[in-house]
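# The following block contains a protein sequence and its predicted model.
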Amino acid sequence: MDSIRAMDGDRISRALARIEAASRRIEDAAARPSSADPSAGDPDLERRHAALRSEAGAALRELDRLIAELEQ
């Protein structure tokens, strides 16, 4: 039974590490200044970009919530 818990704990630890690494990459990319906004002047592309940013933000908030639950 303890070995199963340890394996589950290892999987959770590895998953959390991957999530944290992905989150850092997303934050780094968001912080980098863009040399040119490819969506400038294209209202449909700008709308889709805003929707994608919103979805990404919601996904990160959900990941934060799940990580907080796992840490309890």
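Looks like it came in fine. Since the model is a prediction, treat every value here as computed from it, not as a measurement.
# Next, the buried residues of the strand or helix carrying Ile67.
Assigned by DSSP states H and E, Ile67 belongs to helix 43-71. Residues of helix 43-71 classed as buried by neighbour count (16 or more other C-beta atoms under 10 Å): none. For the C-beta atoms, the positions are set from N, CA and C on the backbone; glycine is no exception.
# to the chain's geometric centre, what's the distance from that helix?
7 Å (C-alpha atoms, centre = their mean, to the nearest Å).
# Which neighbouring elements make contact with it?
Helix 43-71 is packed against helix 2-31, with contacts defined by 3 or more C-beta pairs under 8 Å, 6 or more residues apart in numbering; DSSP states H and E.
# buried sites along the helix it packs on?
Across helix 2-31, burial judged by 16+ other C-beta under 10 Å covers Ile19.
# what is the orientation angle of it with helix 43-71?
Per axes from the mean of the first three to the mean of the last three C-alpha atoms, to 10 degrees, the angle that helix 2-31 makes with helix 43-71 is 150 degrees.
# now helix 2-31, how far from the chain's geometric center?
For helix 2-31, the gap between its own C-alpha mean and the chain's C-alpha mean amounts to 11 Å (C-alpha atoms, centre = their mean).
# Also stretch 41-54?
Distance, stretch centre to chain centre, for stretch 41-54: 19 Å (C-alpha atoms, centre = their mean).
# helices or strands up against the helix or strand of the chain with the lowest mean pLDDT?
Of all regular secondary-structure elements in the chain, judged by mean pLDDT, DSSP states H and E, the least confident is helix 2-31 with a mean of 81. The criterion is 3+ C-beta pairs under 8 Å, 6+ apart, and the helices and strands that helix 2-31 contacts are helix 43-71.
# Now do the helix it packs on, average pLDDT.
What helix 43-71 shows for mean pLDDT is 86.
# ok, residues contacting stretch 64-72?
Residues outside stretch 64-72 that contact it (C-beta atoms under 8 Å, 6 or more residues apart in numbering) are Ile12, Leu16, Ile19.
# ok, and the closest non-adjacent residue to the last one?
It refers to Ile19. Leu63 (5.7 Å; C-beta to C-beta, 6 or more residues apart in numbering).
# cool, and the first one?
Nearest in space to Ile12, with sequence neighbours left out and distances taken as C-beta to C-beta, 6+ apart, is Leu70 at 6.0 Å.
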